[in-house]
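Asks: Give me the fold of what follows.
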Amino acid sequence: MTPDPSDPGRRPRPAPRTLGDLGYAALVLAGDTPSIEIEGLFRSDRTLRAIVLDVAGTLYLLTRDQLDHRMTGRLGYGRALNARVKAADLLTSAGCGLAPSLDLRAAAAALLGRPEEHRYADLLVLAPAGPRVVPVSEVFEGLSDLFRQEALHDPLTGLANRRLLEELGPPLVGTTGSSPTAVLYIDLDDFKVANDTFGHRTGDAVLAVFSARLRACTRPADLVTRLGGDEFAVLLVDVDEATARSIAQRILESLAEPFSHDGHDLRLTATLGLAMSNDIDGEDPAARLESLLRHADAAMLQAKHEGKRRLGRIDPFLPATRFARQALIRRRLPHALANAGFSLHYQPLMDIATGSCRAVEALLRWEDAVLGKVSPDEFIHVAEHTGDIHAIGRWVIDAACAQARRWADAGSPRAISVNVSPFQLAAGSLGHDLHTALARHGVPTSLLNIEITETAAVTDLPSAAVQLRALIDAGIGVALDDYGTAYSSLAMLRDLPLTGLKLDKSFIDTIDTDPTSAILVAGVLTPAKAMGLMTTAEGVERVAQLAVLRELGCDTAQGYLISRPLPAQELDNATTAQQTAAS
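Replies: Numbering: from 1, shown residues only. Predicted coordinates for the structure are as follows:
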């Protein structure tokens, strides 16, 4: 189903969903009508496919094909034999009208279940306004339209999805000098808090209502899109900046009314970003829509930074801001997994007592064709906001297990530690993801550890404790990472099931030059070791730091003194070179 070019909004017409949406009103005749009269009707109107016969109150469908078969049959004497019979005598099957409410999927299934000789016969639909004739071809064409519409629309809100925006948007954005267009990028403020507090059912209801309000605030020609989660975009057609700002203000004002669901009144706000087509004059026409979205996204992020609940607008003539890069990261992030943009580097953890390195930490790296190298500090919190963190986390776990298998097969097994986002832990599926990857690659649990931050742990301490205990019982190591940077408390070591503790680099930086730092580290190491935790110092860069840690009884060290994070192959080559030099 292609968009109607005469429609100013270029929106696809709604796809038919039931039999009642198809076909045409049928001509109804009495069953005792002479067959010769019926034959005359078909001859006079070559477009007539069928008529409906009313036989004692029951409706039957008589098609042109059925009539032709009877009139030409019997060795060529069919017409002579049937010329004077009643139309009802020509019927060969019982009445079998279908309800107009029958959806197209069920109708198609019923058709395919017919005997082959009747599979392509027209359908009789008993609609309240009168019977309808539905050709079989219309059923399958309508079903195709329905599938296309569902593929191009968000199932929750009914709004256009990103695919439809990318299909219809470029012609609307046009080229430099064409009718002005604009994009409003909309993000609901703190929606995740409401979703987690009241449940996803309430969250879905809020999104559906907000979508209806968006439609009411925009014009028929505008294309309203749900990009995913609580993010929306509106492509404004033939609009100046004053009108675009007026529409944005209506959207902000629409949120003054609370969202009511299950007895709760939720009050939410939104932050918007605006970009006008004249902001991107001179850009490649094929990239104008993507550029508009990126500019509007950056404007929204800047408005969030400035206090939310407002419309953001970035001056296109100013140098690019960090918000513009963050917006581009958000737009490029979904391509990273699909296009193998992610990789893992591995940083060895050295046993301080023996100098051996039989464990590594897996560190995620992203190199993008457009952005170049993107640090985890830039993209992890974006992925957590967009929800991509769950797919990324599963990829990291799977890739680490695959590498553990390769090292084990090569005769040099190394335990691998992977970092876990608070959102992975909060989702409650971490254990399943870990065990699935371990089983897929045949890796023993002793070769996999996870590292969580204090922030991740305190988000929901009871839930975290239950999940971590199950992992430890299964043989997976659990270390508290970056200890001392957030909610530093010995009580955390008491309340959480752990097998290891990693001291943040900030503790280690001056351990060899400031006695106070050494005392603080000792104050952490002593209770941790008494609790049976394996202790690791991060950020070790000098031999003197390593000497102090050895004296204090720290178990392992990690840092540039030992090795920078390296791809697996480079790490293997470096290890081989060290072994050769030692021999």
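Asks: okay, CA-based contacts and neighbour counts for the rest of this
Replies: Will do.
Asks: can you pull the contacts of Thr536?
Replies: Contacts for Thr536 (CA atoms under 8 Å, 6 or more residues apart in numbering) come out as Gly500, Leu501, Lys502, Leu503, Cys554, Asp555, Thr556, Ala557, Gln558.
Asks: pretty sure Ser35 is touching Arg70, no?
Replies: No. Contact criterion CA atoms under 8 Å: Ser35 and Arg70 do not qualify, at 10.2 Å.
Asks: Which one's more surrounded, these two?
Replies: Taking other CA atoms under 10 Å, Ser35 and Arg70 do not tie; Ser35 has more neighbours (22 against 18).
Asks: Please determine how far the more buried one is located from Leu90.
Replies: 8 Å (CA to CA, to the nearest Å).
Asks: can you check Leu549 too?
Replies: Relative to Leu90, Leu549 is positioned 100 Å away (CA to CA).
Asks: what's the weakest-modelled helix or strand in this protein?
Replies: helix 454-459 (a mean of 61; mean pLDDT, DSSP states H and E).
Asks: and after that helix, which helix or strand comes next?
Replies: Next along the chain after helix 454-459, taking DSSP states H and E as the criterion, comes helix 461-473.
Asks: And the closest residue to Gly113 other than its chain neighbours, its phi and psi?
Replies: Once flanking residues are discounted, Gly113 sits nearest to Arg119: 7.8 Å by CA to CA, 6 or more residues apart in numbering. Main-chain torsions, Arg119, degrees, to the nearest 10: phi -70, psi -30.
Asks: Who has more neighbours out of Leu549 and Leu90?
Replies: Regarding Leu549 and Leu90, a neighbour count based on other CA under 10 Å identifies Leu549 as having more, with 25 against 17.
Asks: that older thread, any chance of the contacts of Thr536 in CSV with distance to Leu448 and pLDDT as columns?
Replies: Shown next, in CSV, are the contacts of Thr536 (distance: CA to CA, whole Å; pLDDT from 0 to 100):
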residue, distance to Leu448, pLDDT
Gly500, 13, 94
Leu501, 15, 93
Lys502, 16, 93
Leu503, 20, 91
Cys554, 21, 95
Asp555, 18, 96
Thr556, 17, 96
Ala557, 18, 96
Gln558, 17, 96
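Asks: Mind telling me the two of those farthest from one another?
Replies: Comparing all pairs in the contacts of Thr536 by CA to CA, the longest separation belongs to Gly500 and Gln558, at 13.8 Å.
Asks: Who has more neighbours out of the two?
Replies: Comparing Gly500 with Gln558 by other CA under 10 Å, the one with more neighbours is Gln558, at 27 against 22.
Asks: Please tell me how far Phe42 sits from Ser35.
Replies: Between Phe42 and Ser35 the distance is 11 Å, computed by CA to CA.
Asks: And for Leu152?
Replies: From Leu152 to Ser35 the distance is 49 Å (CA to CA).
Asks: Is the residue nearest to the spatial centre of the chain bridged to anything, and to what?
Replies: By CA atoms, centre = their mean, the chain has its centre lying nearest to Gly228, at 6.3 Å. Judged by DSSP bridges, the bridge partners of Gly228 are Glu231.
Asks: Any figure for the gap between it and Thr386?
Replies: From Gly228 over to Thr386 the distance is 8 Å, taken as CA to CA.
Asks: what comes up buried for stretch 509-529?
Replies: By 16 or more other CA atoms under 10 Å, the buried positions in stretch 509-529 come out as Asp509, Ile511, Asp512, Ser517, Ala518, Val521, Ala522, Val524, Leu525, Ala528, Lys529.
Asks: Show me the shaky parts of the stretch 201-350 of the chain.
Replies: For the stretch 201-350 of the chain, the stretches flagged by pLDDT under 70 are 281-286, 316-322.
Asks: What segments of it are helices?
Replies: 241-254, 288-305, 322-338 (DSSP state H, counting those that start in this stretch).
Asks: could you redo the ones you listed as TSV and give each row mean neighbour count?
Replies: Shown next, in TSV, are the helices of the stretch 201-350 of the chain (neighbours: other CA atoms under 10 Å):
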stretch	mean neighbour count
helix 241-254	17
helix 288-305	25
helix 322-338	17
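Asks: For Ala275, which of those helices is the nearest?
Replies: Among those, the nearest to Ala275 by CA to CA is helix 288-305 (4.7 Å).
Asks: Centre of the chain to that closest one, how far?
Replies: 19 Å (CA atoms, centre = their mean, to the nearest Å).
Asks: now the angle from it to helix 322-338?
Replies: 120 degrees (axes from the mean of the first three to the mean of the last three CA atoms, to 10 degrees).
Asks: Mind giving me the packing neighbours of helix 288-305?
Replies: Where contact means 3 or more CA pairs under 8 Å, 6 or more residues apart in numbering; DSSP states H and E, helix 288-305 is packed against helix 162-173, strand 182-188, strand 270-276, strand 311-313, helix 322-338.
Asks: which SS class is Ser137?
Replies: Under the three-state scheme (DSSP: H, G, I helix; E, B strand; the rest coil), Ser137 adopts helix.
Asks: I'd like the distance between it and Thr510.
Replies: Counting by CA to CA, the gap from Ser137 to Thr510 is 78 Å.
Asks: With Leu104 instead?
Replies: Leu104 sits 72 Å away from Thr510 when distances are taken as CA to CA.
Asks: next one: Leu371
Replies: Distance from Leu371 to Thr510, by CA to CA: 35 Å.
Asks: ranges for the helices of the stretch 51-200 of the chain?
Replies: So, for the stretch 51-200 of the chain - with DSSP H, counting those that start in this stretch - the helices run 64-72, 78-82, 104-112, 136-151, 162-173, 191-198, 200-217.
Asks: what's the fourth one packed up against?
Replies: In this case it means helix 136-151. On a contact count with 3+ CA pairs under 8 Å, 6+ apart, helix 136-151 meets helix 104-112.
Asks: mind showing which ranges of the stretch 1-150 of the chain have poor pLDDT?
Replies: 1-14, 73-84, 92-96.
Asks: could you say what helices and strands whichever strand or helix holds Ala528 packs with?
Replies: Using DSSP H and E, Ala528 falls within helix 515-530. Here helix 515-530 touches helix 505-508, strand 534-537, helix 543-552, going by 3+ CA pairs under 8 Å, 6+ apart.
Asks: tell me how far it is from the chain's mean position?
Replies: With CA atoms, centre = their mean as the basis, helix 515-530 stands 45 Å off its chain's centre.
Asks: before we move on, the earlier item: relative to Arg17, how far out is the residue nearest to the centre of the chain?
Replies: Taking CA to CA, one finds Gly228 at 25 Å from Arg17.
Asks: any idea what sits nearest Gln438, other than its immediate chain neighbours?
Replies: If you look again at residue 438, you'll see it is Leu, not Gln. Closest residue to Leu438 apart from its sequence neighbours, by CA to CA, 6+ apart: Cys401 at 6.1 Å.
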